[in-house]
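Undergrad: Okay, here's the prediction I keep looking at, along with the sequence it came from:
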Amino acid sequence: MTKNVELTDLLVNYIRVDYEHQRVFVDYKLVDSAGKAWDKGEAIFWLNMPPEPSENDFQLPPGYVQTFIDLRNDADTALTNRFLV
């Protein structure tokens, strides 16, 4: 018996920024109209694409770079004030 499933949405579960390797991990799942997950994966957004990218590798839009730098700086400031001041 064949069953057709219509996937209607993609939900992002988390975003993890890896400053050391200049990339952002995005964990996602594909769901149907009832919210049932049918597939999931992890995409990697790179500041500089690897020489041989996979189907899960994407170029990080340049406009986001400053936002991620600002987030790192704000986190550094907050943690420094809490633990070192």
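TA: Everything's here; your move.

Undergrad: which residues in this protein form helices?
TA: 62-83 (DSSP state H).

Undergrad: low-confidence ranges in it?
TA: Segments of the chain classed as low confidence (criterion: pLDDT under 70) are not present in this model.

Undergrad: Run through the strands of it in chain order.
TA: For the chain, the strands defined by DSSP state E occupy 7-18, 23-32, 37-46, 57-59.

Undergrad: so which of those strands gets nearest Ala78?
TA: strand 7-18 (15.4 Å; CB to CB). For glycine as for every other residue, the C-beta is placed from the backbone atoms N, C-alpha and C.

Undergrad: name the helices or strands packed onto that closest one?
TA: strand 23-32, strand 37-46, helix 62-83 (3 or more CB pairs under 8 Å, 6 or more residues apart in numbering; DSSP states H and E).

Undergrad: can you give me how far the longest one is from the chain middle?
TA: Distance of helix 62-83 from the chain centroid (CA atoms, centre = their mean, to the nearest Å) equals 17 Å.

Undergrad: helices or strands next to that helix in the packing?
TA: strand 7-18.

Undergrad: tell me the centre residue of the protein?
TA: Val26 (2.1 Å; CA atoms, centre = their mean).

Undergrad: Now that residue. Nearest residue, chain neighbours left out?
TA: In space, Val26 comes closest to Ala43 once its chain neighbours are excluded; the distance is 4.6 Å by CB to CB, 6 or more residues apart in numbering.
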